[in-house]
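> I'll drop the sequence and a predicted model, then ask my questions.
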Amino acid sequence: MIDQVLIPLLKILIVLNATLVAVTYMVLLERKVIAWAQSRLGPMRVGPYGVLQPIADAIKLMIKEDITPVRADKWVFTAAPIISMVPALIVYAVIPFGPTISLFGRKVSLYITDINVGLLYIVSVASVGVYGIILAGYSSNSKYPLLASLRASAQLISYEVAVTLTLVSVILMAGSLSMVEIVNAQYNQHVWFVFAQPFAFVLVLIGGLAETNRAPFDLPEAEQELTGGFHTEYSGMRFALFFLAEYANMIVVSSVVTTLFLGGWLPPLPNVAALHFLYYVPSWTWFLIKSFVFLYLFIWIRATLPRYRYDQLMRLGWKVLIPLAILNLVVTGIVKVMLL
Amino acid sequence: MAQAIAFYFIAACILGFAVLVVTTRDTVHSVLFLVLDFLFVAALYVLLGAQFLAAIQVLVYAGGIVVLYLFVVMLVNLKRPPEAHEDPHRRTKLGFGLAAAVLLELGAIAVYGFVNPAAPVPATAAIPVSGNTEQVGWLLYTSYLIPFEVASMLLLVAMIGAIVLAKREL
């Protein structure tokens, strides 16, 4: 009873709440880092150094008027923010924050579940999240959101192909689709896959930026051209849901890249005996540190790089990333067959 | 028991959404019902213990192909129903004809199955791999190799056709 119902429910509760808190503080971090990059201070008024800003933002968004345009498609307009938020959250079910540990004399695994098609589950759930953006643009019955959602759907489909093809070569290396098994494979093969698959790492990072609509691929939200993007007509909490979904997706991409390429919860050089004292640090700390590096990288890129033009984006996706992904897959396959 | 309840619930949802797909006026809504339909089919696969198939179903159909449908539907903007400029009687006749053909076929299958009942399904040949994904892969590349290759040729032909159609001055 405790093992089957109570502990999973507790884990879900903890992961969901931690995610939502992390997402709100990601917004603050992004504002702060971009402010520093531009020699500003960022939010400073609410709390010391503005640390309570996310709470103020949340209250503001919740008490704002919630407007539905008269000519909008009401049902779809209401469903769209939910459709983009839910996939972003249920992906966390298979992300391993740590191995199985014993806690108060009970074996507890630091992930909600480990299914044998874990990576495929993440990819497929993420592909459903696209509907939120497309439907938001369509149902607003307004031309700028529609343009943005057309851009978004084309962009997400193109980069999804490249990312999924690239992930196949990682699966070939690990020999499993389960997220926990992929981390174990990196331990058993004595190498983080970032060193075995450097091309795949770069391709997945670029594709991940594009799939989360982050700069320099944030064309669906190009405010100078589209007065805001697919969420122009949204206000209040529904707008906030889109915002939160985007940041939740960023955290998902960081966690997936960490798991696939940086050995997940493993400490640096996990097989070197001289470094075994690193195991005294709790495993999930390593996971969080590695994920944070990628989150910071995402913000850093946004503060640094200008936005791509739409045709450049498409050319990069179809003519550079996909051929490279296929090449990487073929080479990985050949090397794997030759070595075995 | 719980499994039976889950099955009938999922099956009812699949049929219900399928009916909604063809009866809804708004084309975008009908595409959305199609997505829901595909998601419930994936749920059916999970119920059967075929997680790999379920994930692929969501990834390819719900997440990939229907997004393209939606893309096309949004671009061509079908605010006006297409039957407005066509002879409704012709379509009705065609519909009845097709429905009769399908009914006949289903009836033939039912009668055939009743007249000579199928031999019990032979136990599947021993598959030397375990795990959902591995078994699907093994079957695809051994027993079903030729259908698999034919299907990929079909996709290749479709792709070449699309390129030729899109780029006339190639």
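Received, thanks. Residues are numbered from 1 along each chain as shown, chains lettered A, B, ... in the order given.
> can you find the helix or strand of the chain with the lowest average pLDDT?
I'll assume chain A. helix A:223-226 (a mean of 72; mean pLDDT, DSSP states H and E).
> that's the other chain; I wanted chain B
That would be, for chain B by mean pLDDT, DSSP H and E, helix B:66-76 at a mean of 80.
> does it come close to chain A?
Yes - Helix B:66-76 is in contact with chain A by CB under 8 Å from any CB of the partner chain, via B:67-68, B:70-71, B:74-75. Every C-beta, even on glycine, is put in place using the N, C-alpha and C of the backbone.
> and the one residue in chain B that gets nearest to chain A, what does it touch?
Taking CB to the nearest CB, chain A has its nearest neighbour within chain B at residue B:63, 2.7 Å off. Each residue near residue B:63 by CB atoms under 8 Å, 6 or more residues apart in numbering or on different chains is listed here: A:124, A:126-128, A:130, A:160.
> mind redoing it with 6 Å?
A:124, A:127-128 (CB atoms under 6 Å, 6 or more residues apart in numbering or on different chains).
> make a markdown table from those residues and add distance to residue B:100, neighbour count and pLDDT to it.
As requested, the contacts of residue B:63 are exported to a markdown table (distance: CB to CB, whole Å; neighbours: other CB atoms under 10 Å in any protein chain shown; pLDDT from 0 to 100):
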| residue | distance to residue B:100 | neighbour count | pLDDT |
| --- | --- | --- | --- |
| A:124 | 39 | 25 | 89 |
| A:127 | 39 | 22 | 85 |
| A:128 | 38 | 22 | 86 |
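> just the closest of these to chain B, please.
The closest of those, once distances to chain B are taken by CB to the nearest CB, is residue A:127, at 2.7 Å.
> any idea which element that closest one lies in?
helix A:118-128 (DSSP states H and E).
> look up how far residue A:109 lies from residue A:102.
10 Å (CB to CB, to the nearest Å).
> looking at the two, which one has more neighbours?
residue A:109 (17 against 8; other CB atoms under 10 Å in any protein chain shown).
> residues near the residue nearest to that one when sequence neighbours are not counted, how many?
Spatial nearest neighbour of residue A:109, chain neighbours left out: residue A:100 (4.1 Å); criterion: CB to CB, 6 or more residues apart in numbering or on different chains. When neighbours are counted by other CB under 10 Å, residue A:100 registers 13.
> could you report the pLDDT at residue A:100?
Residue A:100 is assigned 78 on the pLDDT scale.
> what segments of the chain are helices?
Since you didn't name a chain, this refers to chain A. Counting by DSSP state H, one finds helices in chain A at the ranges A:7-37, A:53-63, A:74-90, A:118-128, A:130-139, A:143-174, A:179-188, A:193-196, A:198-211, A:223-226, A:236-261, A:283-304, A:310-315, A:322-339.
> actually chain B
Using DSSP H, helices in chain B cover B:2-23, B:27-47, B:51-56, B:66-76, B:88-115, B:132-141, B:145-166.
> contacts for the third one next, please.
Just to be clear, that refers to helix B:51-56. A:117, A:120-121, A:124, B:42, B:45-46, B:132-133, B:136.
> give me the neighbour count for the nearest residue to residue A:52 once chain neighbours are set aside.
Among residues not flanking residue A:52 along the chain, residue A:46 sits closest, at 4.4 Å (CB to CB, 6+ apart). Close neighbours of residue A:46, defined as other CB under 10 Å, add up to 15.
> mind putting the helices of chain B in a markdown table, mean neighbour count and distance to residue A:263 included?
Shown next, in a markdown table, are those (neighbours: other CB atoms under 10 Å in any protein chain shown; distance: least, CB to CB, whole Å):
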| stretch | mean neighbour count | distance to residue A:263 |
| --- | --- | --- |
| helix B:2-23 | 13 | 38 |
| helix B:27-47 | 19 | 30 |
| helix B:51-56 | 22 | 24 |
| helix B:66-76 | 16 | 33 |
| helix B:88-115 | 10 | 54 |
| helix B:132-141 | 16 | 23 |
| helix B:145-166 | 10 | 35 |
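> how far off centre is stretch A:38-50?
Mean-position distance between stretch A:38-50 and its chain equals 26 Å (CA atoms, centre = their mean, to the nearest Å).
> list the buried ones in that stretch?
Under the neighbour-count criterion of 16 or more other CB atoms under 10 Å in any protein chain shown, stretch A:38-50 has A:42-43, A:50 buried.
> quick one, the helix holding residue A:127 and helix A:143-174 angle?
Angle of helix A:118-128 versus helix A:143-174, following axes from the mean of the first three to the mean of the last three CA atoms, to 10 degrees, is 170 degrees.
> residues touching helix A:118-128, excluding its own?
Under CB under 6 Å, 6+ apart, the answer for helix A:118-128 is A:87, A:91, A:94, A:160, A:164, A:177-179, B:55, B:58-59, B:62-63.
> again with stretch A:60-76
Contacts with stretch A:60-76, where a contact means CB under 6 Å, 6+ apart, come from A:77, A:135, A:139-141, A:233, A:235-237, A:240.
> repeat that with 10 Å
A:77-80, A:83, A:131, A:134-136, A:138-142, A:145, A:232-241, A:243-244, B:26, B:28-29, B:32 (CB atoms under 10 Å, 6 or more residues apart in numbering or on different chains).
> ends of that stretch, how far apart?
One end of stretch A:60-76 to the other measures 25 Å (CA to CA, to the nearest Å).
> just how off-centre is that stretch within its chain?
With CA atoms, centre = their mean, you get 27 Å for stretch A:60-76.
> list the buried residues for it?
Neighbour-count burial for stretch A:60-76 flags A:61, A:68-69, A:72-73, A:76 (criterion: 16+ other CB under 10 Å).
> and these as JSON lines, adding pLDDT?
Converted to JSON lines, the buried residues of stretch A:60-76 look like this (pLDDT from 0 to 100):
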{"residue": "A:61", "pLDDT": "84"}
{"residue": "A:68", "pLDDT": "79"}
{"residue": "A:69", "pLDDT": "78"}
{"residue": "A:72", "pLDDT": "76"}
{"residue": "A:73", "pLDDT": "79"}
{"residue": "A:76", "pLDDT": "84"}
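> max pairwise distance over the residues you listed: which two?
A:61 and A:73 (23.1 Å; CB to CB).
> around chain A, pick out the residues from chain B.
B:26, B:28-29, B:31-32, B:35, B:38-39, B:42, B:46, B:50-64, B:66-68, B:70-71, B:73-75, B:77, B:130-134 (CB under 10 Å from any CB of the partner chain).
> for chain A, what are the low-confidence residue spans?
Residues of chain A meeting the criterion pLDDT under 70: A:1, A:340.
> domains of chain B?
Chain B resolves into domains spanning B:1-80, B:126-170 when parsed by automatic domain parsing.
> distance from the shortest one to the middle of the chain?
Averaging C-alpha coordinates over domain B:126-170 and over its chain gives two centres that are 16 Å apart (CA atoms, centre = their mean).
> give me the distance between residue A:254 and residue A:248.
From residue A:254 to residue A:248 the distance is 11 Å (CB to CB).
> what is in contact with the two at once?
The contact lists of residue A:254 and residue A:248 share residue A:212, where a contact means CB under 10 Å, 6+ apart.
> what about the residue in the stretch 151-300 of chain A positioned nearest to chain B, neighbour count?
Nearest residue of the stretch 151-300 of chain A to chain B, counting by CB to the nearest CB: residue A:153, 5.4 Å away. With neighbours defined by other CB under 10 Å, the count for residue A:153 comes to 23.
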